[in-house]
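[1] Quick one: sequence plus predicted model below, questions after.
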Amino acid sequence: MRVDFDIVVIGGGHAGAEAAWAASGIGLRTALVTLSAGTIAQMSCNPAIGGIGKGQMVREIDALGGLMGLAADATGIQFRMLNRSKGPAVWGPRCQSDRHAYAAAVQQALQARANLTIIEAEARDILTENGAVAGVKLSPSPGGQSAILNAPLRSSSLRSTSPQSAMLRCRCIIVTAGTFLNGLMHLGERTWPGGRIDEPAATGLSGSLRRCGLELRRFKTGTCPRLAAETIDYSRCTRQDGDERPAPFSFMHDSLDVQQVPCWITATNEEIHRLIRANLHRAPMYTGQITSTGPRYCPSLETKVVRFADKTSHQVFLEAEGRDTNWVYCNGIATSLPADVQESIVHGIAGLERAEILRFGYAIEYDYAPPTQLDPTLQTKAVAGLFLAGQVNGTTGYEEAAAQGLLAGMNAAACCLDRPAVVLGRDQAYIGVMIDDLVTKGVIEPYRMFTSRSEHRLALRYDNADRRLTETGRSAGLVNDERWGRFCTRRQAISRAEQLLAGMRMAGRSLAELLRRPDVTIAQLLSACPDGEELARLMADHSQAVQSAVIDARYAGYLARQAGALREMREMDGRVIPPDLDYSAVTHLRMEARERLAALRPRTLGQALRVSGLTPADMTVLAIHLATRDAPRLTKKGSDSG
């Protein structure tokens, strides 16, 4: 069978879902190839969205016209704004999601999407012609036949194709294979191939990516045991409720009316830690069974016990996986220790003495492609039209994957339509910070987003993501009229609030100036200001917009001081390096710098500045070389015009 598409997305995780949503929404004929349509957007690990740094990124996905924020708002069971003890620049919205409802919401959205076809099959081989993508060879999903779900027609049944193989001709491919690339599962001494529990690994695609000229390496991740809720003694745990007024992830929602579900906190103890130390000889992380690197910021329980030997306990968060399920996720005790050891660990924790384990924790090793093989659009340097997004680029987390998928979908569409690519700056979005980090610096461990990774975090706030990015999404063709209308209304409200805050005065100072004091609130000013009626009405009608203007006023002084450094960075990022530059001919450039620059091929002087291993002296030499190289052209142009 041969079917023609503009774009084929391989993989149905969070990256694949956003990539397919973006590409089809821009109007390209898109196919989403997944081993199982019923597991699209499944939450393999903790059923939660957002957090510090991550929550800001979900707001950015939404501002660009993505799907994750809408699905999170529709299926969240507990919402909390993290980091409230600090300034609003680093507040991070987070929600605990209904695991099954979240996946169902994303699947329903994709099935209703025009221009999108969902295909159940295994992508085994990427076809190329003259150094560019030409198509994908498929084979039946393990244990079943290839099948096509015609999403635009909302077909209720799957049409079987040839049980042997099929070929999809296309112009661009986006690989979002997650942990499925040669996935190997670990539970104690036992190992078996798999991409997720009870799901097969993708065994053919790694070889195809290597034949495309890509280098692959191995990373590791893990997950926690799941317990039966009715067997937990919550009276021995500490209750943790959500916020009284949940903050939405999507700019399409002004507020959320949610019946929230509590989480519960307990902890490990010294006896459990002694048990783990006594069984390290059976732990895959310490026997040599697992050889790859895992996420440093989300370590296994056995790693925490070894690394933080002085700690007598580690917190465990008991989080419901949904409203209509008894499954509870034990956040904080990711492990791949044998089942009998996990039983002893769980039953040694306060409140879990009689808990029934529904699923043991496990680890998984998988292939990833070092992301320095990509350009900032997430297109590979080796094959034109081949994009990579998600954990295949060495990241970890649903939010990081979704953000990459969205940008890859937008840029694959731009490639097909011969439009300018979407490259977000570090000063524009956390998504821009992440992608620049990946393609410029690479990874030595699974990459996770934190606010500390951004030098512009005062400007990259959760409340202003739409002002930073919605125009970009509109230009790309992804922001629809309804979202654009809401954005324009909100932007006008913010502008009017800023005018009022700057124009209204008390005690000889504007309200905007008074708001720079940390002990002053907008509510206090409104109650004390005699002519604040219009601002009060604006607050009542557009509270989120006014609050965003208030935060702008609070940070105005800091942002003004950063403006000079920001201009310098933009100037550096605006100085394009010719793609054919021969670094070996750059006089006085160190050999290490020549090798690094030749391998990475940075697009601008600003990106070159962020390449690991380069010194300020290297940058001076490169800048002088570029200026000297361009000087004859400028002189000749000036002579011709004179």
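    All right, it came through fine.
[2] Now do stretch 314-327: everything it contacts.
    For stretch 314-327, contacts defined as Cβ atoms under 8 Å, 6 or more residues apart in numbering pick out 46-48, 77, 96, 98-101, 226-230, 232, 234, 237, 240, 261, 263-268, 301, 304-305, 308, 328-333, 349, 351, 358-359. Glycine gets a C-beta too; all of them are placed from N, C-alpha and C.
[3] Just the buried ones from those?
    46-48, 77, 96, 98-101, 226-227, 229, 232, 237, 261, 263-264, 266-268, 301, 304-305, 328-333, 349, 351, 358 (16 or more other Cβ atoms under 10 Å).
[4] among the contacts of stretch 314-327, which are in helices?
    In helices, defined here by DSSP state H, the members of these are 99-101, 301, 304-305.
[5] any chance of those in CSV, plus distance to Gly207 and pLDDT?
    CSV is the format used below for these (distance: Cβ to Cβ, whole Å; pLDDT from 0 to 100):
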residue, distance to Gly207, pLDDT
Arg99, 33, 96
His100, 34, 96
Ala101, 37, 97
Leu301, 35, 96
Lys304, 36, 95
Val305, 38, 96
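[6] Show me which pair in these is furthest apart.
    Based on Cβ to Cβ, the longest span within the ones in helices among the contacts of stretch 314-327 runs between Ala101 and Val305 and measures 34.8 Å.
[7] Might one say that Glu120 is in contact with Ser36?
    Yes. The pair Glu120 and Ser36 qualifies as a contact (Cβ atoms under 8 Å) at a distance of 6.3 Å.
[8] For Asp640, give me the pLDDT.
    At Asp640, the model reports a pLDDT of 45.
[9] ok, and the closest non-adjacent residue to Ser250?
    The shortest distance from Ser250 to any non-neighbouring residue, by Cβ to Cβ, 6 or more residues apart in numbering, is to Gly69 (3.9 Å).
[10] Which residue lies nearest the spatial centre of the protein?
    Glu400 (1.5 Å; Cα atoms, centre = their mean).
[11] And that one, how far from Glu60?
    12 Å (Cβ to Cβ, to the nearest Å).
[12] Averaged pLDDT, stretch 169-189. What do you get?
    pLDDT averaged over stretch 169-189 gives 96.
[13] What of stretch 421-441?
    If you average the pLDDT over stretch 421-441, you get 95.
[14] So for it, could I get the coordinates as CSV, restricted to C-alpha?
    C-alpha atoms of stretch 421-441 as CSV (Å, rounded to 0.1, in the frame of the first residue of the first chain):
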residue,chain,number,x,y,z
ALA,A,421,10.9,28.6,10.4
VAL,A,422,9.8,29.3,14.0
VAL,A,423,12.9,29.7,16.2
LEU,A,424,12.2,31.0,19.6
GLY,A,425,14.9,33.1,21.4
ARG,A,426,16.1,32.5,24.9
ASP,A,427,14.6,35.8,25.8
GLN,A,428,11.3,34.9,24.3
ALA,A,429,10.3,31.5,25.9
TYR,A,430,11.4,28.7,28.1
ILE,A,431,10.9,26.6,25.0
GLY,A,432,13.5,28.7,23.3
VAL,A,433,15.9,28.2,26.3
MET,A,434,15.4,24.4,26.2
ILE,A,435,15.9,24.0,22.4
ASP,A,436,19.0,26.3,22.4
ASP,A,437,20.4,24.3,25.3
LEU,A,438,19.8,21.0,23.5
VAL,A,439,21.2,21.9,20.1
THR,A,440,24.0,24.1,21.3
LYS,A,441,25.3,22.4,24.5
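[15] ok, Gly294 - how many residues close by?
    Neighbour count of Gly294, defined by other Cβ atoms under 10 Å: 23.
[16] Tell me who's in contact with it.
    Listed by Cβ under 8 Å, 6+ apart, the contact set of Gly294 reads 219-222, 285, 300, 303, 363, 445-446.
[17] now those residues: which count as buried?
    For those, a burial check counting by 16+ other Cβ under 10 Å picks out 219-222, 285, 300, 303, 363, 446.
[18] Narrow those residues to those in helices?
    Cross-referencing these against helices under DSSP H gives 285, 303.
[19] The residue nearest to the centre of the chain and Tyr447 touch, don't they?
    Yes. The criterion here is Cβ under 8 Å, and Glu400 meets it with Tyr447 at 6.8 Å.
[20] Now list whatever residues contact both of the two.
    Common neighbours of Glu400 and Tyr447 are listed as Met434 (criterion: Cβ under 8 Å, 6+ apart).
[21] any idea how far Gly38 lies from Ala22?
    Distance of Gly38 to Ala22, given as Cβ to Cβ: 22 Å.
[22] Look at Asp62 and say how many residues are nearby.
    By other Cβ under 10 Å, the residues close to Asp62 number 29.
[23] Leaving out chain neighbours, which residue sits closest to it?
    The shortest distance from Asp62 to any non-neighbouring residue, by Cβ to Cβ, 6+ apart, is to Gly69 (3.2 Å).
[24] go on, Asp573?
    Counting by Cβ to Cβ, 6+ apart, Gly606 is the residue found nearest to Asp573 once chain neighbours are left out, at 3.5 Å.
[25] Verify the assumption that that neighbour is located in a strand.
    No. Read with DSSP: H, G, I helix; E, B strand; the rest coil, Gly606 is helix and lies in no strand.
[26] wait, doesn't it sit right on Leu566?
    No. Look at Gly606 against Leu566 with Cβ under 8 Å: they stay out of range, at 11.5 Å.
[27] you'd agree Tyr555 is in a helix?
    Yes. The assignment for Tyr555 is a helix, going by three-state DSSP.
[28] Sweet, I'm off.
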